[in-house]
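J.: dropping a prediction and its sequence here:
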Amino acid sequence: MKNILIVEDDRRIAQNIYRGLTAESFEAEIAYDGITGKQMALDKKFDLVLLDVNLPGMKGYEVCQQIRIYKPSLPIIMLTAYGEIEDKVEGLNRGADDYIVKPFDFRELLARINAALRIADLRTPADKEGKTLRIADLELNMATKEVVRAGKSIELTAKEFALLEYLLLNRGRVVSKMDLAEHVWHLNFDPGTNVVEVYINYLRKKVDKDFATKIIHTRPGLGYIMKEES
């Protein structure tokens, strides 16, 4: 059964789409803001994303661009009240596969969803393999769970791998300890715990200690950021 992510801040529209999709035997989940939608799209397995443009937190164009970087084969259909050619071009240039203007008939939306899914199903197995994430001379293969730096294989535990993967998916952005606890350990963050710091130290010893270019950096009072710094 195909699973579709609906990223739409208008709750009435989101719920109507949700009911329509589930009636057609799809599974569906809803995010009501751009940041949550982006994170859900990156963290979970979806077969297609329906993405509104005018979202709180992070605009749909930016969400689309971020998803496309890390999940290049995931179909994205943008939903918007803006029907100008410039808006459509912007969405398509940011990586959308299709674009539908509100208000729309659900039958047309369903036809576009099915068309996008058919195209996705025709992609070769190689196209569907997990993406390799890179920074500096480090590579992380999301499918094989292999990590290599400067040609050297690095053995990580499951949690260390999940932590590194999440930092890479958010590279260039400061990620809080709360965010890491929730997405890597699936825990409500306890300010008294030091589990995040402990695992950051484990990770640094394996992927940073013996290399001139450091990639895991602390931002005091804010969290951690993955970027290249000598």
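T.: Yep, that arrived.
J.: lowest-pLDDT helix or strand in this protein?
T.: The helix or strand of the chain with the lowest confidence, counting by mean pLDDT, DSSP states H and E, is helix 125-128 at a mean of 48.
J.: next one: stretch 215-230 to chain centre, how far?
T.: Between the centre of stretch 215-230 and the centre of its chain there are 20 Å (CA atoms, centre = their mean, to the nearest Å).
J.: related to what we said a few turns ago, heading C-terminal from the least confident helix or strand of the chain, find the next helix or strand.
T.: Following helix 125-128 in sequence order, the next helix or strand is strand 132-135 (DSSP states H and E).
J.: and the strands in the protein?
T.: 3-7, 27-31, 48-52, 76-80, 98-101, 132-135, 138-141, 146-149, 152-153, 214-219, 223-229 (DSSP state E).
J.: between those strands, which one is closest to Gly172.
T.: With CB to CB as the criterion, Gly172 lies closest to strand 223-229 of the strands of the chain, at 5.8 Å. Where C-beta positions appear, they are placed from N, C-alpha and C, glycine not excepted.
J.: which residues are in contact with that closest one?
T.: Here strand 223-229 makes contact (CB atoms under 8 Å, 6 or more residues apart in numbering) with 135-136, 167-168, 170-177, 179-180, 200, 213-219.
J.: next one: stretch 43-51
T.: Residues outside stretch 43-51 that contact it (CB under 8 Å, 6+ apart): 2-8, 17, 29, 37, 40-41, 60, 63-64, 67, 74-79, 96, 109, 113, 116-117, 120, 183.
J.: many thanks, have a good one.
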